[in-house]
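S.K.: Give me a 3D structure for the following:
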Amino acid sequence: MSGEAEVLKQSLDAALAAIEQASTSSAELAAEEVGRVTYTGKGIARVDGLPGVRSEELLHFPEGVLGLAFNLDADQVGVVLLSDYGSLSAGDLVRRGGEVLSVPVGDSLLGRVIDPLGRPRDDQGPPACSERFPIERPAAEIMDRLPVTVPLATGLKVIDALIPIGRGQRELILGDRQTGKSAIAIDTIINQRGKDVLCVYCAIGQRSSSIARVVDQLRENHAMDYTTVVVAEGDDPAGLQYIAPYAATSMAEWFMGQGRDVLVVYDDFTQHARAYRELSLLLRRPPGREAFPGDIFYLHSRLLERSTHLREEKGGGSLTALPIIETEAQNLSAYIPTNLISITDGQIYLSPQLFQKGIMPAVDVGKSVSRVGGKTQLPAYRAVAGDLKLSYAQFEELEIFSRFGTRLDAETRKALDRGRRVRAILKQPQLSPLTAAEQVMVLYAVTQGVFDEVSEERLVEAEAAVIAALGETPEVCKKINNGQPLNEADMARLLKGAQAAVKPLGEATKEADGNAAGN
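M.R.: Take a look at the predicted model:
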């Protein structure tokens, strides 16, 4: 009985201690602002109440629907809805989140397909991220930046040789629809394999089938190992499309803060601008040119300003941006294209005429420019293709002139033949990037006239033979890829190897021409 009494005494003591603690503790009262929905539809909501809400604060609606405080009017709050709002109706309660919108960041995002809120789109469960970044972050200070000095190789001859891009640069890709804009960006991502560059592909307003095709191409080429795909599909709310590039940039900035080099592709800003225009008009913001709100320039400039190359004290990372924009009827002077041309450090213009002729990538060299990348170009490119852009532009003008049927002298005909071969050599199939050494070898061969005796129908075969001959000069390849300048002996070895590789094809062409003349 004494043991039972002891147990009973301990139980009574514990109960009395709990009662005493409960009587002395007091609950803390906290004020919570609650608003009420007065209108919902077309991706927006209007809310009464919430007098203390702040701009771009996260708001919580019933059924887990999220919103972003967009307009802070005197009598109501205009809210951009970020998820399916079919369950909302007038009278629903709205609560302040007390924080700005943020996204998960970290290494676990690599290889994933997610939406701008970090929710999975690839059936692999939520990404295991322990850190979050707000989608709106200030750009790096001027004194925290370094010049762009390291090339970002795309693997495309026409870009790496004539319109080079550097790590930390902002290079616009623009052209009419279906001219291969996304293909250039995808090839650039694939070419970063083994180069210690992480990639973020942001799809804005694209069809599900187009996004699935891009993801499949990245997986087939083993590029998803270092790539994150951020998806806001065309049937997603306009608010989700609006925040997509900001969310993708915050994810990329985390990697840059770790000292990594990052490439971000925004595909495309046409849909982003349209989504912002839709939201602004629905929320009664005053329209400007082409019904876009007046701050559309600031919208894109503050985003692209976050791309930079950081000082070593800040980690030394870089963020390179490749925004894509769609023109209509080749109108480069339209509102949004001119805005972005003035923001970025150059543009790659794709011509529908070249695309229709089968010249792909359909880069119009005359209308394309890189204002920064030339300083990052490998010395070997400058040695073999220093004046190639100018001579190619002159060839295009000469070709137009020759269509008038004027009798041409031998020198002019030779320049036209050389120019046509340069244009053919600059063509490149999709998903087949070339190394710097392979590009330098081919470009040097064409500028030195090695392909002049080969028929245009056999140029692809001749190019493959020249690239194969590069294996006989491994030390020259190493110098090119390491960014070392080539001396005269190196150039002579490249030329000799190219001539030996192309000689059988040139002789076959002469023989075929002789047989045709005899018949």
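S.K.: mind listing the strands for the stretch 301-450 of the chain?
M.R.: Applying DSSP state E, counting those that start in this stretch to the stretch 301-450 of the chain gives strands spanning 318-327, 346-350, 369-370.
S.K.: Any chance of those in JSON lines with mean neighbour count as columns?
M.R.: C-betas here are computed from N, CA, C, even on glycine. Listed next are the strands of the stretch 301-450 of the chain as JSON lines, based on neighbours: other Cβ atoms under 10 Å:
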{"stretch": "strand 318-327", "mean neighbour count": "25"}
{"stretch": "strand 346-350", "mean neighbour count": "24"}
{"stretch": "strand 369-370", "mean neighbour count": "20"}
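S.K.: can you put those in CSV and add mean pLDDT?
M.R.: Shown next, in CSV, are the strands of the stretch 301-450 of the chain (pLDDT from 0 to 100):
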stretch, mean pLDDT
strand 318-327, 97
strand 346-350, 96
strand 369-370, 93
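S.K.: could I get those as a markdown table with distance to Glu141?
M.R.: Listed next are the strands of the stretch 301-450 of the chain as a markdown table, based on distance: least, Cβ to Cβ, whole Å:
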| stretch | distance to Glu141 |
| --- | --- |
| strand 318-327 | 15 |
| strand 346-350 | 24 |
| strand 369-370 | 25 |
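S.K.: List the buried residues in stretch 234-246.
M.R.: Neighbour-count burial for stretch 234-246 flags Asp236, Pro237, Ala238, Gly239, Leu240, Gln241, Tyr242, Ile243, Ala244, Pro245, Tyr246 (criterion: 16 or more other Cβ atoms under 10 Å).
S.K.: Spatially nearest residue to Leu426, not counting backbone neighbours?
M.R.: Spatial nearest neighbour of Leu426, excluding adjacent residues (Cβ to Cβ, 6 or more residues apart in numbering): Val158 at 4.5 Å.
S.K.: Need phi/psi at the one you found.
M.R.: In this entry, Val158 is assigned phi and psi values of phi -70, psi -30 (degrees, to the nearest 10).
S.K.: That one: how many residues sit nearby?
M.R.: 28 (other Cβ atoms under 10 Å).
S.K.: got the contact list for it?
M.R.: Pro361, Val363, Val365, Leu426, Gln428 (Cβ atoms under 8 Å, 6 or more residues apart in numbering).
S.K.: Format the residues you listed as TSV; extra columns: distance to Ile189, neighbour count and pLDDT.
M.R.: Below are the contacts of Val158 laid out as TSV (distance: Cβ to Cβ, whole Å; neighbours: other Cβ atoms under 10 Å; pLDDT from 0 to 100):
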residue	distance to Ile189	neighbour count	pLDDT
Pro361	15	25	95
Val363	18	26	95
Val365	23	24	91
Leu426	21	23	94
Gln428	16	20	95
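S.K.: And those, which two are furthest apart?
M.R.: For these, the maximum inter-member distance is 14.0 Å, found between Val365 and Gln428 (Cβ to Cβ).
S.K.: On the pLDDT front, check the closest residue to Ser455 other than its chain neighbours for me.
M.R.: Closest residue to Ser455 apart from its sequence neighbours, by Cβ to Cβ, 6+ apart: Thr509 at 4.6 Å. The model reports Thr509 with a pLDDT of 71.
S.K.: now Thr509: how far from Lys503?
M.R.: In this view, Thr509 and Lys503 are 11 Å apart by Cβ to Cβ, to the nearest Å.
S.K.: more crowded one of the two?
M.R.: Neighbours were tallied for Thr509 and for Lys503 using other Cβ under 10 Å; the higher tally belongs to Thr509 (18 against 14).
S.K.: related to what we said a few turns ago, list the ones among the buried residues of stretch 234-246 that fall in strands.
M.R.: Of these, none are assigned to strands by DSSP state E.
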